[in-house]
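> here is my input, please return the structure:
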Amino acid sequence: MLRSIESIYGSTVAALDGDIGTVEQAYFDDEAWGVRYLVLGTGSWINERKVLISPYSIKHWEPGSGVVHVDLTRQQIKDSPDIDTNMPVSRQHESQYLNYYGYPRYWAGAYLWGSGGRPDFGVRDSETAVASEARARLDWEAYDPPADVHLRSTKAVTGYHIEAVDGNIGHVSGFIFDDEVWAIRYLTVDTRNWWPGGKEVLLATKWIELVDWIGSAVSTTLTRAEIKNSPPRDESIPPDRNHEVMLHQHYGKDAYWSEDNTGMQISQKFGSREFTAILKLDASVILKEGSREVARFTLNSAVPMFAENHDGPAMLDATIAQLLCSLILGYARIT
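Predicted coordinates for the structure are as follows:
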């Protein structure tokens, strides 16, 4: 599901044996736009030190709850390598951090998270963490990572100017990320300085042509007119899949979710509970409550599937959309 990165700011991070700090910002890599770390302030617990938390360690995060649960102990975090968050974090520094926790290098593979598309690392036994970390150091000891820097701060990039092919259109006001794969899908762009009475629009990271990290500017091949006429949306909430479909059709762009094997997702709220049904291209359906998977189904092959639209993303038959809504309603009623 898509979330605002700002929605996780200020959240308390809870280790297996107690709280460790609050989320201040996030680091993403400038190649794949993956959210690689949350930056935590630890307060007086370890002398105002900043620490990094990888999505590999996150067990559960429910937006609105204000708590991120991680599969680590306070001692593990206290003993983790020092990272100066006021200085650029190089791949060498990252390697020290990943070696310590025994996590794989996300850049050493063809996918967003190295060997896969999600930060799924399995459940780690905290009592055997030291042994696994030692094995990891031995396994990777011969690998000498490059010294270049690819991590960027979400707070630092907020405010960057956005340049269309025919002029400035505004500035970066926020980030929308996918909480299943931990990838930034869109920059939110405030156009009001350029366009009085304007709106906040979405710029997909795949539509970015160049980022000038020194000049603090983001360039796209879209025109100002295209952006001005983009589909309106509720700026108070992240976009749903239906809005994403309209947005990609408006710009004539291929959909990223077809690459992720996701055909369509539909979300519904019942009181304080939010459910999402995600239909995969292999006819499987994942039902989630918040960010937690609660059920998985396989649709009968007799049910009509996708009609390929070569001028845009794959579209879901209305019958399937109704079925997804029925699955959500049925589950909500029995639970």
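
> figure out how far stretch 62-74 is from the centre of its chain.
Its chain's C-alpha centre and that of stretch 62-74 lie 16 Å apart, by CA atoms, centre = their mean, to the nearest Å.

> and what of stretch 23-39?
How far stretch 23-39 lies from its chain's middle: 9 Å, per CA atoms, centre = their mean.

> just stretch 166-183 next, same as before
Distance of stretch 166-183 from its chain centroid, counting by CA atoms, centre = their mean, is 11 Å.

> do you know how far residue 21 is from residue 3?
Residue 21 sits 20 Å away from residue 3, going by CB to CB, to the nearest Å. C-betas here are computed from N, CA, C, even on glycine.

> higher neighbour count, those two?
Between residue 21 and residue 3, residue 21 has the larger neighbour count (other CB atoms under 10 Å), namely 24 against 19.

> can you tell me how far the more buried one sits from residue 54?
To residue 54, residue 21 is 15 Å away according to CB to CB.

> likewise for residue 232?
For residue 232, the distance to residue 54 (CB to CB) stands at 36 Å.

> what about those two, which has more around it?
Each of residue 232 and residue 54 has its neighbours counted (other CB under 10 Å); residue 54 has more, 22 against 10.

> wait, isn't the more buried one in contact with residue 35?
No - the pair residue 54 / residue 35 is not scored as a contact, 9.6 Å apart, by CB atoms under 8 Å.

> for the longest helix belonging to the chain, packing partners?
Assignment by DSSP state H gives helix 318-334 as the longest helix of the chain. With contacts taken as 3 or more CB pairs under 8 Å, 6 or more residues apart in numbering; DSSP states H and E, helix 318-334 sits against strand 262-270, strand 273-280, strand 284-289, strand 292-298.

> report the buried residues of stretch 178-194.
178-191, 194 (16 or more other CB atoms under 10 Å).

> nearest to residue 42 among these?
Of all the buried residues of stretch 178-194, residue 42 sits closest to residue 182, with 22.0 Å by CB to CB.

> hmm, residue 32 and that closest one touching each other?
No - applying CB under 8 Å as the test, residue 182 and residue 32 come out as separate, 10.5 Å apart.

> one step back: between the helices and strands packed on helix 318-334, which one is closest to residue 7.
Comparing the helices and strands packed on helix 318-334 under CB to CB, the one sitting nearest is strand 273-280, at 13.0 Å.

> okay, the angle between the closest one and strand 284-289?
170 degrees (axes from the mean of the first three to the mean of the last three CA atoms, to 10 degrees).

> CA-only coordinates of the longest helix of the chain in CSV, if you can.
Backbone C-alpha positions of helix 318-334 (Å, rounded to 0.1, in the frame of the first residue of the first chain) are rendered in CSV as follows:
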residue,chain,number,x,y,z
ALA,A,318,-15.2,-4.9,-13.4
THR,A,319,-16.3,-8.4,-12.4
ILE,A,320,-13.0,-9.0,-10.7
ALA,A,321,-13.2,-5.6,-8.9
GLN,A,322,-16.6,-6.5,-7.5
LEU,A,323,-15.2,-9.9,-6.4
LEU,A,324,-12.3,-8.2,-4.5
CYS,A,325,-14.8,-5.9,-2.7
SER,A,326,-16.8,-9.0,-1.8
LEU,A,327,-13.8,-10.7,-0.3
ILE,A,328,-13.0,-7.7,1.8
LEU,A,329,-16.6,-7.3,3.0
GLY,A,330,-16.8,-11.0,3.8
TYR,A,331,-13.6,-11.1,5.8
ALA,A,332,-14.5,-7.9,7.7
ARG,A,333,-17.8,-9.3,8.7
ILE,A,334,-16.4,-12.6,10.1
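
> just the strands in the stretch 1-150 of the chain please.
Taking DSSP state E, counting those that start in this stretch, the strands of the stretch 1-150 of the chain run over residues 2-4, 12-15, 18-29, 35-41, 50-53, 58-61, 67-70.

> residue ranges with poor pLDDT in this protein?
Residue ranges of the chain with pLDDT under 70: 121-149, 258-265, 280-283, 291, 299-321.

> leaving out sequence neighbours, find the closest residue to residue 5.
Once flanking residues are discounted, residue 5 sits nearest to residue 175: 4.1 Å by CB to CB, 6 or more residues apart in numbering.

> now swap in residue 195 and tell me
Closest to residue 195 by CB to CB, 6+ apart is residue 228, at 6.5 Å.

> next, count neighbours for the one you found.
15.

> use 11 as the first number for this chain going forward.
Taking 11 as the first residue, the last one we looked at is residue 238.

> give me the distance between it and residue 171.
Taking CB to CB, one finds residue 238 at 17 Å from residue 171.

> equivalent analysis for residue 126, please.
35 Å.

> more neighbours, those two?
residue 171 (18 against 15).

> got a list of what the more buried one touches?
178, 180, 181, 226, 227, 228 (CB atoms under 8 Å, 6 or more residues apart in numbering).

> do that again at 7 Å, thanks
Taking CB atoms under 7 Å, 6 or more residues apart in numbering, we find residue 171 in contact with 178, 181, 226, 227.

> which ones among those residues are found in helices?
Using DSSP H, no member of those sits in helices.

> out of these, who's the most crowded?
Counting by other CB under 10 Å, top hit in those: residue 181 with 20 neighbours.
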